[in-house]
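S.K.: pasting the sequence and the predicted coordinates here, then a few questions.
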Amino acid sequence: MATTAATRTLSKALRRPAPLVRLAAPSRSAAFSLLHHQQPQLSSFARRSFVTSRPACDQLKPGSAAAEELTEQQYHLVSDTAMDRLTECLEDFVEHADQDGWEVEYASGVLTLKLGEENGTYVINKQPPNKQIWLSSPISGPKRYDYDTTYKQWFYAREGTLLRDLLRDELRKITGDQGVEIELGEGEEA
């Protein structure tokens, strides 16, 4: 009899819908920490109930805490520094690669890296209304990077990638040169 009662109780429990658990979306700085494999601060119930290495994409919204913390003046300072350093870095890259049809142009706030017909063109530009830097890559497509004021780095919340790392990895893949490095002037005070 005890087995039958236990079976009925279990059967009832399985027919009942599971309760919904809602977690607050993390701030941009918390999202950056999550994306760099640090354990999020969750309640003991949530820690026991969920196992994940990254938050769901819809929990990270562009333009949240980290980007909003920047004043307009700070945004222009860090984005101008990043664009200037990136321009210098890519000019050195193109000069070192010595490939026909490869060139770098920076005009009117738009940085264009042309890598010939075979490899395509990168377009990188500032987006002051959103306090972002936008990248269009011939390999990975469009991305919108926010500046994390805690870690002082430009990052893409949806995938957890840093602007400098994505460019470095893609340019290494294109050239086969593992020595390619990208410098954005990150880590400097805003």
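M.R.: All right, it came through fine. It should be emphasised that the depicted structure is a prediction, and the values quoted were computed from it without experimental measurement. Numbers count the residues shown, from 1 in each chain.
S.K.: what about residue 88, how many neighbours?
M.R.: Around residue 88 there are 14 other residues, counting by other Cβ atoms under 10 Å. In this view, the C-beta of every residue, glycine as well, is placed from N, C-alpha and C.
S.K.: ok, now residue 90?
M.R.: 23.
S.K.: one more: the one 4 residues further on?
M.R.: Other residues within reach of residue 94 by the criterion other Cβ under 10 Å amount to 16.
S.K.: after the helix or strand where it lies, which helix or strand is next?
M.R.: For residue 94, the host element (DSSP states H and E) is helix 72-97. In the C-terminal direction, the helix or strand that comes right after helix 72-97 (DSSP H and E) is strand 102-107.
S.K.: just want the angle from that following strand to helix 72-97.
M.R.: 160 degrees (axes from the mean of the first three to the mean of the last three Cα atoms, to 10 degrees).
S.K.: let me know the secondary structure of the closest residue to residue 110 other than its chain neighbours.
M.R.: Using Cβ to Cβ, 6 or more residues apart in numbering and skipping residues adjacent in sequence, the residue nearest residue 110 is residue 125, 4.6 Å away. Assigned with DSSP: H, G, I helix; E, B strand; the rest coil, residue 125 falls in the strand class.
S.K.: would you confirm that residue 125 contacts residue 143?
M.R.: No: applying Cβ atoms under 8 Å as the test, residue 125 and residue 143 come out as separate, 11.9 Å apart.
S.K.: any common contacting residues for those two?
M.R.: Counting by Cβ atoms under 8 Å, 6 or more residues apart in numbering, the residues touching both residue 125 and residue 143 are residue 134.
S.K.: the two: who's more crowded?
M.R.: Higher neighbour count among residue 125 and residue 143: residue 143, with 21 against 17, using other Cβ under 10 Å.
S.K.: for that one, list the residues it contacts.
M.R.: Contacts of residue 143 (Cβ under 8 Å, 6+ apart): 134-135, 137, 156, 158-159, 161, 163, 166.
S.K.: any figure for the gap between the closest residue to residue 106 other than its chain neighbours and residue 113?
M.R.: By the measure of Cβ to Cβ, 6+ apart, the closest residue to residue 106 outside its immediate chain neighbours is residue 87, 4.5 Å from it. As for residue 87, its distance to residue 113 is 9 Å (criterion: Cβ to Cβ, to the nearest Å).
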